[in-house]
Each structure stands twice: as C-alpha cells, then as structure tokens.
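[1] build me a structure from this.
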Amino acid sequence: MTLQQMEYIVAVDKYRHFAKAAESCGVSQSTLSSLIQKLELELDVTIFDRNSHPVSPTSVGEEIISRAKRVLFDAAQVRELVATRKGESVGKISLGISATVAPYLLPKMLKYLSTNHPDIEPHVAEGRAAAIIAQLERGETDVALLATPLNNSELLEIPVYRERLLAYVSPDEPFHDNIEVRTDHLPVDSVWVLREGYCPGRSVFPFCDYRAGRRAVYEAGSAETLIRIVDENGGYAIIPELHLPLLSDTQRANVRMLTNPEPSREIAFVVHRNFVRERLLNILADAIKSIIPAAMLDSRIGKFPIVL
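    Next comes the predicted model:
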C-alpha cells in the first residue's frame, strides 16, 4: 500500500464519487480507479461498494480508510517538519474570514504578510460563517478566522482574542444620557444586532433569539450598516470594540459600555482537525499580535507559539 493509494481511497470516501475524487487528486478517473483496484487485489478485500449510489465504503473499507487518514496525517507532519528545518517557503494559503471580522483584521494582516513574508501567496475568501465552515470541512480552506464557539467536532478552534461588544445609542433614546447601559435593560424591539458574529453559542443577549419585534436582528451585513440604521431611525446597535477607531468623533459620543453582564465575543483560528501546517498558523498569529492590543489577546497566542 502506497501513500498515493491511501490518498485516493480517502478522496473517494470524502467525495463519494470516483470522478470528483480523481479531479481533486489531479489525476484521471481511470488512473485513480486502477490504483484502488490494485490495492483491493493486494489486500484481498473490497474497499468500496461500487453498486451503491453514491459510492460508499464497505465495513472493512471504513477501517482501512480510518487507518489511511492517520498515516497521511503523520506523513504530512513529517513533510512539514522537514520544510521547517529547511526554511522552505510556506507557499500558498487559503484563508476564510467572517464578514464581521474582516474589516478589523484583513487589511493590516495582508500588509503584514506582504512586508514580512513576501513568499506567502494568500487567497482570501470573506463571507458567511456557514459557507466558510463547509469549505474547511471539504479541505478547500486552510485556516479561518471566525467568532466561536462553533461546536463542530470536525474542527479545531484556537482562540486568538476576545473583544467587548458595545452599545451604539441614538441621541433620541433615553439611555443616551447614561455612562453605561445594562444589557438586560436594552429594549429588544429597538436593538439592531448582527446574528452572525455577535450571537455564537450561548449568547448573553436576550434579543439574539428574539423574533417578534419590528427590528431585533439583522442577519448579515456590517457594523457600519447598523450604525447608519440607528443614525437614521433611532434605537440601539451592538458593535465590536475594534470598530471604535473607525467612528467619527460625533459617532464615538454615542457609544456606551454594556454591563450586567458585560458581553464579548471570542475570535479564533478555526482549522480542520487534520490540519498540520503549524508554521502557517504561527505566522498568522504573529500578524494578529501586530494588530490586536495585547490586553485583548488570548493568553495562549499572546505568549506562546501555537502547538496543535
């Protein structure tokens, strides 16, 4: 059994389709099928049930594929170790980033990479978390920056930083005169919040799951859009701490701390559990350290290299 044959059976298991698996491996379908058949003859077992639609592994095939994944993971780690020792280029990276995170990190991250690691070729996809998660699961994206937790057993979350969520209050609202606003006192019918990025997991906001009001939740978009909505229509918007430098002096006067509880969101690197490119993560971590205030950084990324 060769590493190439193992890659082929893992690909077929992933796509449940010989043609798609061959395309992902960069070979013809006949080449992939031939090598898998040779492996089945060598082991004297049937790895895939070709009569099922989509194609599926047999019971023994599932065990073989599981072992093959472990071997391929170990082989990838060896290659990464050798590349690190040789000082070889990281090369191309595919980065997914949530639209609620990108405005605060992406421009400076790209500048950091071009200045300090010009050999890296970043390919960036900004979008909804659900689409980025699917790309991670399919192996189409190397690393993502998302609000967590995600509660996905296929993915590994490495916390990067935590930022406070603040209230942007219209001058027409009664709480505008307060220095702080209690989270549990915010009127749910008058609050605009981005569910994506601000309501992950168990949220402290009662209005994250509120649907009856006339405003309540804005499913997608940007903090800038929320602010403009409040400027035009009144009410309240929830914005991240990193958005403060982007506000005008007039707008900054409308920002209030939220208390009881003080809400925040965690931003993390998210990778597939089989991810092995530790050098890449540490380079991206260094980029984050150059952007985010030290007090906001997670202790793990703030002081130590990332170890998967």
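[2] which stretches of the stretch 101-250 of the chain aren't confidently modelled?
    When residues are selected by pLDDT under 70, those of the stretch 101-250 of the chain lie in 197, 199-221.
[3] and residue 231, what does it touch?
    When contacts are counted by C-beta atoms under 8 Å, 6 or more residues apart in numbering, residue 231 touches 170, 251. To be clear about C-beta, it is placed using only N, CA and C from the backbone, and glycine gets the same treatment.
[4] cool, and the one 10 residues further on?
    Under the criterion of C-beta under 8 Å, 6+ apart, the contact partners of residue 241 comprise 163, 164, 165, 166, 296.
[5] ok, of those residues, which come out buried?
    163, 164, 165, 166, 296 (16 or more other C-beta atoms under 10 Å).
[6] isn't the first one up against residue 297?
    No - the pair residue 163 and residue 297 does not pass the contact test of C-beta atoms under 8 Å, sitting 10.4 Å apart.
[7] and the longest strand that the chain contains, what does it pack against?
    Longest strand in the chain, counting residues (DSSP state E): strand 155-169. Using 3 or more C-beta pairs under 8 Å, 6 or more residues apart in numbering; DSSP states H and E as the contact definition, the elements that strand 155-169 packs against are helix 129-137, strand 143-148, helix 223-233, strand 236-240, strand 255-259, strand 264-272, helix 278-289, helix 299-303.
[8] so how far is it off the chain centroid?
    If you compare the mean C-alpha spot of strand 155-169 with that of the full chain, they lie 13 Å apart, counting by C-alpha atoms, centre = their mean, to the nearest Å.
[9] what comes up buried for that strand?
    Taking 16+ other C-beta under 10 Å as the criterion, strand 155-169 shows 155-169 as buried.
[10] could you do stretch 5-19 as well?
    Counting neighbours by 16+ other C-beta under 10 Å, one finds that the buried residues in stretch 5-19 are 5-15, 17-18.
[11] between the residues you listed, which is closest to residue 176?
    Sorting the buried residues of stretch 5-19 by how near they are to residue 176, with C-beta to C-beta, puts residue 14 at the top with 53.7 Å.
[12] give the contact list for the closest one.
    Neighbour list for residue 14: 21, 24, 138, 139 [criterion: C-beta under 8 Å, 6+ apart].
[13] where does it land on pLDDT?
    Listed pLDDT for residue 14 reads 88.
[14] following the helix or strand encompassing it, which helix or strand comes up?
    Assigned by DSSP states H and E, residue 14 falls within helix 3-15. For helix 3-15, the following helix or strand on the C-terminal side (DSSP H and E) is helix 18-25.
[15] any residues touching that following helix, and which ones?
    Identification of contacts with helix 18-25 by C-beta under 8 Å, 6+ apart yields 7, 8, 11, 12, 14, 15, 28, 29, 31, 32, 33, 55.
[16] now stretch 268-277
    For stretch 268-277, the external contacting residues (C-beta under 8 Å, 6+ apart) are 69, 73, 76-77, 80, 90, 132-133, 136-137, 139, 142-148, 150, 153-160, 281, 284-285, 306, 308.
[17] next: stretch 2-12.
    The list of residues contacting stretch 2-12 from outside it, by C-beta under 8 Å, 6+ apart, reads 18, 21-22, 24-25, 32, 35-36, 38-39, 47-48, 55, 61, 64-65, 68-69, 71-72, 75.
[18] hmm, 10 Å instead?
    For stretch 2-12, contacts defined as C-beta atoms under 10 Å, 6 or more residues apart in numbering pick out 1, 17-18, 20-25, 27, 31-36, 38-40, 42, 47-48, 54-57, 61, 64-72, 75-76, 139, 274.
[19] just give the number of residues close to residue 257.
    Summarising burial for residue 257: neighbours were counted as other C-beta atoms under 10 Å, giving 13.
[20] do you know how far the residue nearest to it when sequence neighbours are not counted is from residue 174?
    Of all residues not flanking residue 257 in the chain, residue 180 sits nearest, at 4.6 Å (C-beta to C-beta, 6 or more residues apart in numbering). From residue 180 over to residue 174 the distance is 14 Å, taken as C-beta to C-beta, to the nearest Å.
[21] kindly report the same for residue 24.
    Plainly put, residue 24 is 58 Å away from residue 174 if you go by C-beta to C-beta.
[22] neighbour-wise, which of the two wins?
    Neighbours per residue, other C-beta under 10 Å: of residue 24 and residue 174, the larger number sits with residue 24, 19 against 8.
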